[in-house]
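**Q** fold the following, please.
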Amino acid sequence: MVRKLAALAAGLVAIASSAAPAAAEPITFVPGSAGVGDPYYPLQGNGGYDVGHYDLRLRFDPDGHRVDATATITATTVQNLSRFNLDFSGPAIKSVTVNGARAGYRRDGQELVITPAKGLKAGGAFTVTVSYSGAPEAVSDATGRQGWLKTDDGAFVASQPDGARSWFPSNDTPADKATFSFRVSAPEDLTVIANGERTGADGVDGDGYRTTRWDMRQPMAPYLATVAIGHFVVSQGTVDGMPNVTAYDPSLADESAHLHDFTAKAVAWETGLFGPYPFSSVGGIADGNGSVTALETQGRPVYSGGPTDNLEIVHELAHQWFGDSVGVRNWRDIWLNEGFATYAEWLYREQHGGPSAQEIFDRHYRKDGAFWNLKTGDPGQAHMFDENAVYIRGAMTVHALRMKIGDGVFFPLLKTWAQENRHGTATTADFVTLAEKLSGKNLGSFFQSWLYQTGKPRV
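**A** You can find the predicted model right below:
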């Protein structure tokens, strides 16, 4: 009997031992990368996480153009993170928290390096809150001044391609879109305009400040976020049932009085060409000192110094489809933004009593020499906004494609491209694939000659 009990006990121990779970391997946390490897801006963006929402709260003091600000970023980890970076070269930092707990941080050039109190597991949501205070300064490089731009009575923002870091911490890559909320406090005699829809205004504080809230509910790249603060003439209406909100500095009345009405006309015309408008409001902002000509800030382009003509409005609104809703994944493909928006100008002229797109194409095609020196599909960082290589020759590439595949395929291609990549990002290779699919043609050599070779392509 004793032997049987001993054998039974040994068996039970053996079963228990075999059923016991293996000891869990320790989780290894590693730093996220300091950039995502963009060929033109290798330090833009950061590895290890994906942003879902930015909540930006700013109090603007015209004296010294200072802000007291708090940015709360909601994101999801895509790896086990020991630390991570944000792109930020703005004012002095007061505090940083991760999931409500104080976090370590240091600044390294344009990078804000954050070390949370404990590692962040892959696949989990987290929030990082950065409070900061001071006078934001614009960023300058070979492409010009960008970011937070001061005006006589306030400020406005035009951040393409590298200026978002001047005024709020972000994952500043066009490849990472997120929704945005803006809560901006300014003296009550100033107006605040931003992306999206105005969702509320608090009463005037005891110190004469008013807080205004705007929300951009569709995903947006950080460089497309804007805030304009100043004295404005504001017009409100609707286009196809959605809000149309425009504003211009009173000093720019001669250049901008037509902005509201023409914005409505241009969006209606472009909707017929490109398909449904991709956002829930539209408009425009004319402000500034002319240091930036214009920028397709999402849903509400900014025109520094006022729009120069109606074609500029057509161009920036065309970007709402080509560049904003369908964004580039890296800056080398900038022709996908500027070539299509420039071609929208050509189509507008063609359909409104001007020269045809073919006539405009022919005029440019007759040019020789330096006009053909850069590669449209890879112009280099210093030339990514080159008028000839990226804008005009980008539009010429679009028109040459139209000639090659015919209008019966070309115009449906525009709508399909905008719809299939709505609120996302895409590459030149993606566009080539779609064009080949819809046309049934092998277009590899065509795009190679138009985008990636110097010299005049054969027509």
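
**Q** how about the nearest residue to residue 279, chain neighbours excluded?
**A** Closest residue to residue 279 in three dimensions, ignoring its sequence neighbours and counting by Cβ to Cβ, 6 or more residues apart in numbering: residue 299, at 4.5 Å. No exception for glycine: its C-beta is placed from N, CA and C like everyone else's.

**Q** give the buried residues for stretch 365-372.
**A** Residues 365, 372 are the ones in stretch 365-372 that count as buried (16 or more other Cβ atoms under 10 Å).

**Q** revised request: answer the last question for stretch 274-290.
**A** By neighbour count on 16+ other Cβ under 10 Å, the buried set for stretch 274-290 is 274-275, 277-279, 281-288.

**Q** just name the lowest-scoring one in those residues, pLDDT-wise.
**A** The member of the buried residues of stretch 274-290 with the lowest pLDDT is residue 288, and it reads 85.

**Q** what about that residue, distance to residue 297?
**A** 12 Å (Cβ to Cβ, to the nearest Å).

**Q** same deal with residue 210?
**A** Counting by Cβ to Cβ, the gap from residue 210 to residue 297 is 22 Å.

**Q** more neighbours: which of the two?
**A** More crowded of residue 210 and residue 297, by other Cβ atoms under 10 Å: residue 297, with 29 against 18.

**Q** for the residue lying closest to the more buried one once chain neighbours are set aside, which residues are in contact?
**A** Of all residues beyond its chain neighbours, the one nearest residue 297 is residue 226 (3.9 Å), with distances taken as Cβ to Cβ, 6+ apart. Residues counted as contacts of residue 226 (Cβ atoms under 8 Å, 6 or more residues apart in numbering) are 156, 157, 158, 159, 194, 195, 285, 295, 297, 298, 300, 302.

**Q** residues in a beta bridge with the closest residue to the fifth one other than its chain neighbours, which ones?
**A** In other words, residue 194. Across the structure, with Cβ to Cβ, 6+ apart as the measure, the residue nearest residue 194 apart from its sequence neighbours is residue 214 (3.8 Å). For residue 214, the beta-bridge assignment (DSSP bridges) gives partners residue 182, residue 198.

**Q** pretty sure residue 214 is in contact with residue 200, am I right?
**A** No: contact criterion Cβ atoms under 8 Å: residue 214 and residue 200 do not qualify, at 9.1 Å.

**Q** between the two, which one's more packed in?
**A** Comparing residue 214 with residue 200 by other Cβ under 10 Å, the one with more neighbours is residue 214, at 26 against 10.

**Q** if I look at that one, how far off is residue 131?
**A** From residue 214 over to residue 131 the distance is 21 Å, taken as Cβ to Cβ.

**Q** and if you look at residue 113?
**A** In this view, residue 113 and residue 131 are 17 Å apart by Cβ to Cβ.

**Q** and if you look at residue 217?
**A** Residue 217 sits 25 Å away from residue 131, going by Cβ to Cβ.

**Q** can you check residue 375 too?
**A** Between residue 375 and residue 131 the distance is 44 Å, computed by Cβ to Cβ.

**Q** got it, and residue 314?
**A** Relative to residue 131, residue 314 is positioned 41 Å away (Cβ to Cβ).

**Q** the more surrounded of those two?
**A** Each of residue 314 and residue 131 had its neighbours counted (other Cβ under 10 Å), and the higher figure belongs to residue 314 (26 against 15).

**Q** now that one: phi and psi?
**A** For residue 314, the backbone dihedrals (degrees, to the nearest 10) come out as phi -60, psi -40.

**Q** can you start the count at 42 instead of 1 from here on
**A** Fine by me, first position is 42 from now on; the one you just mentioned is residue 355.

**Q** just to check, it is in contact with residue 387?
**A** No: the pair residue 355 and residue 387 fails to qualify as a contact (Cβ under 8 Å) at a distance of 9.8 Å.

**Q** got a pLDDT number for the nearest residue to residue 107 once chain neighbours are set aside?
**A** Nearest residue to residue 107, sequence neighbours excluded (Cβ to Cβ, 6+ apart): residue 176, at 5.0 Å. We note a pLDDT of 98 for residue 176 in this prediction.

**Q** so what's residue 176 up against?
**A** By Cβ under 8 Å, 6+ apart, the contact set of residue 176 is 105, 106, 107, 108, 132.

**Q** and residue 298, how many residues sit next to it?
**A** Residues near residue 298, counting by other Cβ under 10 Å, number 15.

**Q** taking the buried residues of stretch 315-331 one by one, which sit in helices?
**A** residue 315 (DSSP state H).

**Q** and the buried residues of stretch 315-331 as a markdown table, adding distance to residue 216?
**A** Written out in a markdown table, the entries for the buried residues of stretch 315-331 read as follows (distance: Cβ to Cβ, whole Å):
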| residue | distance to residue 216 |
| --- | --- |
| 315 | 22 |
| 316 | 23 |
| 318 | 23 |
| 319 | 18 |
| 320 | 19 |
| 322 | 25 |
| 323 | 25 |
| 324 | 26 |
| 325 | 26 |
| 326 | 26 |
| 327 | 30 |
| 328 | 29 |
| 329 | 28 |
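
**Q** which of the buried residues of stretch 315-331 lies closest to residue 349?
**A** Compare each of the buried residues of stretch 315-331 with residue 349 using Cβ to Cβ and the shortest gap goes to residue 327, at 10.7 Å.

**Q** what's the distance between the nearest residue to residue 358 once chain neighbours are set aside and residue 326?
**A** In space, residue 358 comes closest to residue 307 once its chain neighbours are excluded; the distance is 5.0 Å by Cβ to Cβ, 6+ apart. Residue 307 sits 15 Å away from residue 326, going by Cβ to Cβ.

**Q** same deal with residue 360?
**A** Applying Cβ to Cβ, the value for residue 360 to residue 326 is 14 Å.

**Q** ok, residue 323 - contacts?
**A** Under the criterion of Cβ under 8 Å, 6+ apart, the contact partners of residue 323 comprise 280, 283, 284, 285, 286, 304, 305, 308, 340, 341, 358, 361.

**Q** what about those, which are in strands?
**A** Cross-referencing the contacts of residue 323 against strands under DSSP state E gives 280, 283, 284, 285, 286.

**Q** what about residue 68, how many neighbours?
**A** Other residues within reach of residue 68, judged by other Cβ under 10 Å, total 9.

**Q** run through the residues that contact it.
**A** Applying Cβ under 8 Å, 6+ apart as the definition, the contact partners of residue 68 turn out to be 121, 160, 162.

**Q** ChimeraX command for the buried members of those?
**A** Buried members of those can be picked out in ChimeraX with the line below, counting by 16+ other Cβ under 10 Å:
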select :121,160
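
**Q** so what's the residue nearest to residue 320 up against?
**A** Listed by Cβ under 8 Å, 6+ apart, the contact set of residue 340 reads 236, 237, 257, 259, 320, 321, 322, 323, 324, 361, 365.
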